[in-house]
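**Student:** take a look and give me a structure for this.
(chains A and B)
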Amino acid sequence: MSAGAVGALLAPVIEPGFFAAEDVRVAIAVGAVVAIVSGTVGVFTVIRGQSFAGEAFGDLNTTGGAGAFLVGVSPLWGFVAAGVAAAAAMELIGIQRPRGRDLATGIVLGAGLGLAALLLYLGTTLHNTTGATVTILFGSVFTVPSSTIPLVVLLGVAVLAIVAALYRPLLLSSVSAEMAAARGIPVRLLGAAYLLALALAVALAALTIGSILSTALLVGPAATALRLTRRPGVAIVLAGAIGIAAMWLGELLAYDSSHWPPVGIGWPVSFFVVTLIFLAYLLSGTPDQVRRRTQRGA
Amino acid sequence: MDGAAEILSVEGVSVRLSGREILHEVSFSIRPGEFTGLIGSNGAGKTTLLRVILGLQAAHAGRVLLDGRPRSHRNPLIGYVPQKFLLDSDMPLRARDLVGLGLDAHRLGIPLPSRARRARIDLMLQAVDAERFADARVGLLSGGEQQRVLIAHALIARPKLLLLDEPLANLDLRAGQEVVALLARIAAEQQIAVLISAHEMNALLPAMDRIVYIAGGRAASGTTAEVVRADVLSELYGSHVDVLNVHGRVLVVAGAGDSSDLHGHEAALPGMEIVS
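**Tutor:** The predicted structure follows:
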């Protein structure tokens, strides 16, 4: 079968010209990087029980994104700045103590969202548009300019490097901070480095599917992967793969949706991505099936 | 001093936590191959003492020597199994992964699979009778099975001293006996000193070479015959207690008379069993 024939066959699904558009190619590249980073960090987020911290970073990115819009720079810079500042604040307030952790996150979150309310209001009023607000909150991967790709790749590689370097100590301290500390592993420092990786990963996710939805990409594929395998390394690879699948399929469906009835308006990518992630989780099996799959055997 | 030199010496250790003295001039020592029970009621300071030995808790007086030297920051000499360890069932970790982390968790980078590494992990799993569930998720194993995996995790780096904090607390009688027998065998075969804390001494009696009995922040140590006596324990508690031997089980009970001196400890004396 020739390439032309394949194209004709897939035409109803993948529109001719889909891969030709630059915004689509950028979305595909950025989506893949972000999905891999989110899946990798997400597995640790889930097993460390820090989903709430991830959610807090996502919400605080709203503040950073709104600030970036006011100043007139890429929202990614705002997301990164807000994430790093929030990580530092949580670390100072004492996020490492199990009981202090949720409290510290909650306090930082409340203060940051108050600021977000102000910045979004100013942005909307001064620029007389709500478009930027929607983009910050719910993302718009097709509007990411190709000039942002180098920064996305750089941040992605940085996060993966942190996780790869700290893989073993991080895994043991996620199992038991006490066991790690007893082996002389600097648990506090390790937690801070992980928090930084988490902040950056969430910032990247916010760029694609928005600050509010970024945790879905972080936690969803990871939680699904944990139901499919018994091995930590495999879980990370699976989480990345599920994230990429949801991201690419979501982009494709969003592109196609502009021809869907009743009107020719494209649906947001984020809606499809998040829905696909949720479906993947549901399809990963009942609790009983998961238990049997992960209990015994090879 | 006879036989091998001490692997662990605790010398006059006192610990204060938020103004309260938890441990007062605790001294004892352990030699290779010895199985030592650290016995005391809940809140007596057992965990604090283990944390001092591990270097996780500073002592305000006294010192801890490992193999005759002050402990260094990271000590491959000590293996440790923490208290109340129950893994979440969604943790993506097989028994063999956790044992592998015992080998090299302090190293940076991703572990590369190698035949030698796998063989060493298999051998360790075999030594604790855990081959059967080597590939199962740790979080889905029973309490006794998890204890075996944790012991393997602690032993694979070949420590000279193994510390276990209340390893029998979550186990039924039979699983507890099996773990004690396993530890006694490992101590004897590999000449590893085992220090195991418990709030109930009877499960350990068949295996225990020595006992460190903690009450009111102070400790008495020696063989069980030397320590588990009415006069020694009465002095430790600062109040009269009786040691009864009933059908091979040791019961430590508050003596007649002024039991109020026990400050509420009488309900939880380490050898005591509540018979209903």
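**Student:** the residue nearest to A:Leu151 when sequence neighbours are not counted and A:Tyr194, how far apart?
**Tutor:** Of all residues not flanking A:Leu151 in the chain, A:Leu76 sits nearest, at 6.2 Å (C-beta to C-beta, 6 or more residues apart in numbering or on different chains). Glycine gets a C-beta too; all of them are placed from N, C-alpha and C. Computed with C-beta to C-beta, to the nearest Å, the distance linking A:Leu76 and A:Tyr194 is 21 Å.
**Student:** what do you get for A:Leu151?
**Tutor:** As judged by C-beta to C-beta, A:Leu151 and A:Tyr194 stand 22 Å apart.
**Student:** of these two, who's got more company?
**Tutor:** Neighbour count, other C-beta atoms under 10 Å in any protein chain shown: between A:Leu151 and A:Tyr194, A:Tyr194 has more, with 24 against 15.
**Student:** what about residue 160, how many neighbours?
**Tutor:** Here I'm looking at chain A. A:Leu160 has 18 neighbours, counted by other C-beta under 10 Å.
**Student:** not what I meant, chain B
**Tutor:** If you count neighbours by other C-beta under 10 Å, B:Lys160 ends up with 20.
**Student:** quick check, central residue of chain A?
**Tutor:** The geometric centre of chain A, computed from its C-alpha atoms, lies nearest to A:Ala205 (C-alpha atoms, centre = their mean), at 3.3 Å.
**Student:** which residues touch the residue nearest to A:Leu151?
**Tutor:** A:68, A:148, A:151-152, A:203-204, A:207 (C-beta atoms under 8 Å, 6 or more residues apart in numbering or on different chains).
**Student:** okay, who's weakest in those by pLDDT?
**Tutor:** Looking at the contacts of A:Leu76, model confidence by pLDDT dips furthest at A:Thr148: 86.
**Student:** three-state assignment of it?
**Tutor:** Three-state call for A:Thr148 (DSSP: H, G, I helix; E, B strand; the rest coil): helix.
**Student:** so it touches A:Val30, yeah?
**Tutor:** Yes - if you go by C-beta atoms under 8 Å, A:Thr148 and A:Val30 touch, sitting 7.3 Å apart.
**Student:** do you know how far the residue nearest in space to the middle of chain B is from B:Ile78?
**Tutor:** The geometric centre of chain B, computed from its C-alpha atoms, lies nearest to B:Ile196 (C-alpha atoms, centre = their mean), at 2.0 Å. Look at B:Ile196 and B:Ile78: by C-beta to C-beta, they are 13 Å apart.
**Student:** do the same with B:Val26
**Tutor:** To B:Ile78, B:Val26 is 18 Å away according to C-beta to C-beta.
**Student:** what do you get for A:Ser257?
**Tutor:** 60 Å.
**Student:** residue ranges in the chain under the pLDDT threshold?
**Tutor:** This is for chain A. A:1-13, A:15-17, A:94-101, A:294-298 (pLDDT under 70).
**Student:** try again with chain B
**Tutor:** B:1-4, B:72-75, B:84-85, B:255-276.
**Student:** which parts of it sit against chain A?
**Tutor:** Contact residues (C-beta under 8 Å from any C-beta of the partner chain) of chain B with chain A: B:54-56, B:73-75, B:78, B:80, B:82, B:85, B:87-94, B:97-98, B:101, B:104-111, B:133, B:135-137, B:140, B:153.
**Student:** same thing but at 6 Å, please
**Tutor:** Counting by C-beta under 6 Å from any C-beta of the partner chain, the positions of chain B adjacent to chain A are B:54, B:56, B:73-74, B:80, B:82, B:90-92, B:94, B:101, B:105-108, B:110, B:136-137, B:140.
**Student:** so which of those belong to strands?
**Tutor:** B:Tyr80 (DSSP state E).
**Student:** among the residues of chain B next to chain A, which lie within helices?
**Tutor:** B:54, B:101 (DSSP state H).
**Student:** if you count surrounding residues, which of A:Thr148 and A:Val30 has more?
**Tutor:** Of the pair A:Thr148 and A:Val30, A:Val30 is the one with more neighbours under other C-beta under 10 Å, namely 25 against 16.
**Student:** tell me the residues of chain A that contact chain B?
**Tutor:** Near chain B, when you scan chain A using C-beta under 6 Å from any C-beta, you find A:47, A:164-165, A:167-169, A:172, A:176, A:178-179, A:181-185, A:226, A:229-230, A:232, A:235, A:294-296.
**Student:** circling back: more neighbours: A:Ser257 and B:Ile78, which one.
**Tutor:** B:Ile78 (26 against 16).
**Student:** quick revisit: hmm, who's touching the helix or strand in which the residue nearest to the centre of chain B is found?
**Tutor:** Element membership of B:Ile196, judged by DSSP states H and E, is strand B:193-198. Strand B:193-198 is contacted from outside by B:7, B:30, B:32, B:34-39, B:46, B:161-166, B:168, B:183, B:187, B:204, using C-beta atoms under 6 Å, 6 or more residues apart in numbering or on different chains.
**Student:** and the helix or strand just after it, how far from the chain's centre?
**Tutor:** Using DSSP H and E, the next helix or strand after strand B:193-198 towards the C-terminus is strand B:210-215. On the basis of C-alpha atoms, centre = their mean, to the nearest Å, strand B:210-215 sits 11 Å off its chain's mean C-alpha point.
**Student:** what packs against strand B:210-215?
**Tutor:** Contact analysis of strand B:210-215 by 3 or more C-beta pairs under 6 Å, 6 or more residues apart in numbering or on different chains; DSSP states H and E lists strand B:35-39, strand B:218-222, helix B:224-227 as its packing neighbours.
**Student:** just put those in CSV and tack on mean neighbour count.
**Tutor:** Converted to CSV, the helices and strands packed on strand B:210-215 look like this (neighbours: other C-beta atoms under 10 Å in any protein chain shown):
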stretch, mean neighbour count
strand B:35-39, 27
strand B:218-222, 20
helix B:224-227, 15
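**Student:** now for the ones you listed, which one comes closest to A:Gly156?
**Tutor:** strand B:35-39 (49.0 Å; C-beta to C-beta).
**Student:** tilt between that closest one and strand B:218-222?
**Tutor:** On the basis of axes from the mean of the first three to the mean of the last three C-alpha atoms, to 10 degrees, strand B:35-39 is oriented at 150 degrees to strand B:218-222.
**Student:** just how off-centre is strand B:35-39 within its chain?
**Tutor:** 7 Å.
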